[in-house]
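Q: Kindly return the folded structure for what I paste below:
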Amino acid sequence: GEAVEIATGAPAPAGAEAVLPYEHTIAAPPPGRPDARAVPGAHPGTPGRPDADPVWVGGAVEAGRHIRRRGEDIAEGAVVLGAGAMVTPAVLGLAASLGHDTLRVRPQIRVTVLVTGDEVVHEGLPAPGRVRDAIGPFLPGLVEWAGGRVVGETRLPDGPGALRAALAAPPFTTGAGGDVAVVCGASSKGPADHLRGVLAELGAELLVDGVAVRPGHPQMLARLPGGGLVVGLPGNPFAALAAALTLLVPIIREAAGTSAGTSASTSAGRETSALAGPVRVHPRDTRLVPVRRSGRGAVPVGHDRPGSLWGAALADALAVVPSGWSGEQVELIELPPGG
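A: Residues are numbered from 1 along each chain as shown. Predicted coordinates:
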């Protein structure tokens, strides 16, 4: 039978059982409203309500209504976000509401892109004997999606000298450890492919030297003496995309603590699907096939030659089709969404 006026957000008076908002107050007790009660002197200074006049409030008073209890949302000592969580605006607000002024975060992997090749052009239609760079344009978005950032792009001519000078410069050879050089092209075994020789001269540790996958088999991973990593991507655009998704993206996510990825997952942390369409199976290597998810399964979209990004542009995932595949479900590797 007692009430007192308080401001929104104020501490609830000791013994208060519920709060009724102002919009539930009424000027006078309406006929037939036995639940309405008077609050003498409440809401002072309101036009038409002299200080001495009572305010009538009505409605069912629910125990605990509009009262927040200390600790009711998050118990003391609870872990609200685990390692690897992305720091979003909402996360910053949550941290502040819990009394945190700073957060410990992992630094973003810094990626420098080295595009090699005398025949590569970077704008307009390529002349006969030239090719347009289609790898450099997709790498910044791919790296950002994985949790890193591209800090520079350098265009290098063919030959070992320029490539050696780029990889021998800071920060890759100064112990930074958080920097990655992505070399586009020069990772195969032709006369113009100098990456292996340059890495050997620099004393790099070769960690991955080719993978049994199509497209993307001439991919490389090495660690320079200073700690920087070198990722070698094939020169064909779709092959480079496939290698970047399976080699570069996991490196960035592991460093960021988000190695589980962002795709839909099974209990094992991988998305699998039936294939709803025919695919060519390679006799020895795993194939990566552009697909679109559907209610029937993953539908191959075609246009999957190593030099073309058409199929990848139509797809939302790559299906991992092992050699000897005979119809069982396959793993899907998520492609970055638009935005």
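Q: any idea where the strands of the stretch 201-339 of the chain begin and end?
A: 205-209, 213-214, 220-223, 229-233, 271-273, 286-294, 297-300, 317-321, 330-334 (DSSP state E, counting those that start in this stretch).
Q: Mind putting those into CSV with distance to residue 71?
A: All C-beta spots, glycine's among them, are computed from the backbone N, C-alpha and C. Shown next, in CSV, are the strands of the stretch 201-339 of the chain (distance: least, C-beta to C-beta, whole Å):
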stretch, distance to residue 71
strand 205-209, 49
strand 213-214, 52
strand 220-223, 48
strand 229-233, 45
strand 271-273, 38
strand 286-294, 42
strand 297-300, 46
strand 317-321, 43
strand 330-334, 39
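Q: With distance to residue 75 and mean pLDDT added, can I get these in a markdown table?
A: Formatted as a markdown table, the strands of the stretch 201-339 of the chain follow (distance: least, C-beta to C-beta, whole Å; pLDDT from 0 to 100):
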| stretch | distance to residue 75 | mean pLDDT |
| --- | --- | --- |
| strand 205-209 | 44 | 95 |
| strand 213-214 | 47 | 96 |
| strand 220-223 | 44 | 95 |
| strand 229-233 | 41 | 96 |
| strand 271-273 | 33 | 95 |
| strand 286-294 | 39 | 97 |
| strand 297-300 | 42 | 96 |
| strand 317-321 | 39 | 97 |
| strand 330-334 | 35 | 97 |
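Q: Can I get the ones you listed in a markdown table including distance to residue 2 and mean neighbour count?
A: Below are the strands of the stretch 201-339 of the chain laid out as a markdown table (distance: least, C-beta to C-beta, whole Å; neighbours: other C-beta atoms under 10 Å):
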| stretch | distance to residue 2 | mean neighbour count |
| --- | --- | --- |
| strand 205-209 | 74 | 13 |
| strand 213-214 | 75 | 20 |
| strand 220-223 | 73 | 21 |
| strand 229-233 | 70 | 26 |
| strand 271-273 | 59 | 18 |
| strand 286-294 | 61 | 21 |
| strand 297-300 | 66 | 20 |
| strand 317-321 | 63 | 23 |
| strand 330-334 | 60 | 20 |
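Q: Residue 159: which of the ones you listed is closest?
A: Of all the strands of the stretch 201-339 of the chain, strand 229-233 sits nearest to residue 159, with 16.1 Å by C-beta to C-beta.
Q: For residue 98, which of the strands of the stretch 201-339 of the chain is the nearest?
A: For residue 98, the closest of the strands of the stretch 201-339 of the chain is strand 330-334, at 32.1 Å, according to C-beta to C-beta.
Q: circling back: between the strands of the stretch 201-339 of the chain, which gets nearest to residue 122?
A: Residue 122 lies closest to strand 229-233 among the strands of the stretch 201-339 of the chain, at 16.5 Å (C-beta to C-beta).
Q: Just give me how far that closest one sits from the chain centre.
A: The chain centre lies 21 Å from the centre of strand 229-233; the measure is C-alpha atoms, centre = their mean, to the nearest Å.
Q: Quick one: residues contacting residue 151.
A: Residue 151 makes contact with 110-112, according to C-beta atoms under 8 Å, 6 or more residues apart in numbering.
Q: Make sure I have this right: it is in a strand.
A: Yes: remark: residue 151 belongs to a strand, assigned using DSSP: H, G, I helix; E, B strand; the rest coil.
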